[in-house]
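Chemist: take a look and give me a structure for this.
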Amino acid sequence: MASRRLVRLGAVCALASGFLVATGEPAVADGADRPVAVGAAVSTPGDVAAVTAADPDAAMDLTVVLAPRDQAALDAFVAAVSTPGSEQYRRYLAPGEFGPRFGASPQAVAAVSDALRKAGLRVGPVADNGLSIRASGTVAEVGTAFHTSFKRYRLTSGRAGLANTTAPTLPASVAAHVQGVVGLDQLIAATSAVTTRTARAAGAAPGAVTPAALAAATAG
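Modeler: Take a look at the predicted model:
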């Protein structure tokens, strides 16, 4: 009887400590470490002149785009300031108001920042709007962090740059806060001035957040 009780106790302890008795592998109950895509693999451009191996020591600068803390509330706000007759029509947000109201939560920012640092990347502060974090590392470090690889493409136009060959992923618990990663595909033309241009076109005060700027900032 004593031996049977010991066997039962051993089985219970093994299960409680998170191990599968049959396989001896850790059991992940909630799937928090399951890899989830936070982007797509780059389709090979049609005008490629040459494809070569990426230098693993080459530097890469990235922008990790975060999900708003309340997408439904953000959508409702954009609709209200865009609709003539609405009490909020053209009542745009002043600089510094967007982040605390609609940007990613401090917990989400901390979770993503910590995950990137643990993966070996150098992480900067969150943007004022709370929707992006700057990160940098070598090609090898970025590849490890996002579980992807890179090739260097040269186009017939002479333009050249790196691009990821597989979809970047992050653990599910972190990927839930990420809408995408800018900078993995260097063949995409940058449009960093879009929010300034749209704000001026709408006649808003400099730095105000307009519906067009919101759409550009939160496009996933």
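Chemist: distance of Gly183 from Ile133?
Modeler: Computed with CB to CB, to the nearest Å, the distance linking Gly183 and Ile133 is 12 Å. For the C-beta atoms, the positions are set from N, CA and C on the backbone; glycine is no exception.
Chemist: can you check Pro100 too?
Modeler: To Ile133, Pro100 is 16 Å away according to CB to CB.
Chemist: and those two? Which one has more around it.
Modeler: Ile133 (22 against 11; other CB atoms under 10 Å).
Chemist: which residues does that one bridge with?
Modeler: Applying DSSP bridges to Ile133 gives these bridge partners: Val64, Val126.
Chemist: that one against Gly124, yeah?
Modeler: Yes: if you go by CB atoms under 8 Å, Ile133 and Gly124 touch, sitting 6.6 Å apart.
Chemist: nearest residue to the most centrally placed residue in the chain in space, please, no chain neighbours.
Modeler: By CA atoms, centre = their mean, the chain has its centre lying nearest to Val178, at 3.4 Å. Using CB to CB, 6 or more residues apart in numbering and skipping the chain neighbours, the partner closest in space to Val178 is Val38 (4.6 Å).
Chemist: tell me if I am right that Gly46 is in a helix.
Modeler: No: the assignment for Gly46 is coil, going by DSSP: H, G, I helix; E, B strand; the rest coil, so no helix is present there.
Chemist: what is the neighbour count of it?
Modeler: By other CB under 10 Å, the residues close to Gly46 number 7.
Chemist: pLDDT score for it?
Modeler: Among the per-residue scores, Gly46 holds a pLDDT of 80.
Chemist: related to what we said a few turns ago, gap between the residue nearest to the centre of the chain and Ile133?
Modeler: 9 Å.
Chemist: touching both of those two, which residues are there?
Modeler: Shared contacts of Val178 and Ile133, defined by CB atoms under 8 Å, 6 or more residues apart in numbering, comprise 64, 66, 112.
Chemist: for these, which single residue is the most surrounded?
Modeler: Among the shared contacts of Val178 and Ile133, the one with the most neighbours (other CB under 10 Å) is Val64, at 28 neighbours.
Chemist: so what's it up against?
Modeler: Applying CB under 8 Å, 6+ apart, we find Val64 in contact with 112, 116, 132-135, 178, 180-182.
Chemist: cool, His147 as well?
Modeler: 35, 166, 168-169.
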